[in-house]
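Peer 1: sequence plus the predicted model coming up.
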Amino acid sequence: MTMGASMTRALTRATWFDRNGCLFWLISALCWAHMTGSAQGFTARSAWDLYTTALIQKPLLTKSLTSCGTNAFSDALCQKLLGLNATEEVDSKIDLERFVHAAVTGLVWSGPVTHYWYNLLFGKLTAPIKDPVVGLIVRIFLDAIIFSPVTVSGYFAIRSILEGSGFAGVKEKLSTRLFTTVAGAWKFWPAANVINFSIVPIPFRVLYMNVLSIFWSGYLTHVNSKKIATQPEV
C-alpha cells in the first residue's frame, strides 16, 4: 500500500469517527434536554447544568449512562484506529455486536461498581484518616489492590456472558489475561488518581474516571477481543 493510500484511509476513518462520535454525543444531549423540558435555548452551558443536576438527583443512573457512552465511544475509537493497520481485505466496518457489548458492560458494570466503590473508599474505608497526604496514599493503594482486580475481573466476566462463552469464557480470560491487564491498570490509574482523589470534587470523580477511561476502556476492549491461539505457530 502506498503512503498516499494509507493517508487517504486514515483521513476517511478520522472523518467517519469525528462525524459519528460527535453525532452520538449531540443526540444524547438533545434527548436528555428534551426529556427534561430544556430543549429550548439549549447550549453547552445548559447541557453541563443538566448533567450536574442529574448527578445530584440520580447519581447512579447518570454515572452508569456516562460509562455506557464512554465505553461505546472508546470501543468505536479502538476499532477504527486498529483498522488503520489492517489490510485492504479486512472489513473496516464497526463490529456492532462488540460495540453494543462494550456499551452494556459500561451500563451494568463499570458505572455502578465505580459509583459504589468510591462511596465506600471515601466513606468507611478512609474517612477516619485526617491527614490528607496519608489519606491520598491509602486511597490510591486500596484502589490498586482491591478495585483494579475486581473491576477488571467483572469486565471480563460480563463481556464473556454477553459473547455467549459463559463460565468457560470467564475462566479462560481470567486465567490468561487478568494479571497482565491488572498490571497495566497499575501503570495507568495511580498517577491519574492523584488528581482524581485530591482535586476533583466528589460528584465528578466518576466522570473524570470515565473521561480517562476512553483510553483505558479502549485497551480493555482490545485485550478482551484477542483470540487465544489453540495451535502452536509453525
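Peer 2: Cool, the structure landed. Numbering: from 1, shown residues only.

Peer 1: give the contact list for Phe188.
Peer 2: Taking C-beta atoms under 8 Å, 6 or more residues apart in numbering, we find Phe188 in contact with Phe215, Trp216. The C-beta positions use only the backbone N, C-alpha and C, and glycine is treated the same way.

Peer 1: change it to 7 Å
Peer 2: Trp216 (C-beta atoms under 7 Å, 6 or more residues apart in numbering).

Peer 1: gap between it and Asn71?
Peer 2: Between Phe188 and Asn71 the computed distance is 16 Å (C-beta to C-beta, to the nearest Å).

Peer 1: before we move on, what about Phe197?
Peer 2: Between Phe197 and Asn71 the computed distance is 22 Å (C-beta to C-beta).

Peer 1: which of these two has more neighbours?
Peer 2: Shown here are Phe197 and Asn71; by other C-beta atoms under 10 Å, Asn71 has more neighbours (29 against 24).

Peer 1: element containing the more buried one, please.
Peer 2: Asn71 is part of helix 59-83 when elements are defined by DSSP states H and E.

Peer 1: who are the packing partners of that helix?
Peer 2: helix 3-35, helix 96-105, helix 111-120, helix 205-225 (3 or more C-beta pairs under 7 Å, 6 or more residues apart in numbering; DSSP states H and E).

Peer 1: one more time with 8 Å
Peer 2: helix 3-35, helix 44-57, helix 96-105, helix 111-120, helix 205-225 (3 or more C-beta pairs under 8 Å, 6 or more residues apart in numbering; DSSP states H and E).

Peer 1: quick one: the second one to chain centroid distance?
Peer 2: Translated: helix 44-57. 21 Å (C-alpha atoms, centre = their mean, to the nearest Å).
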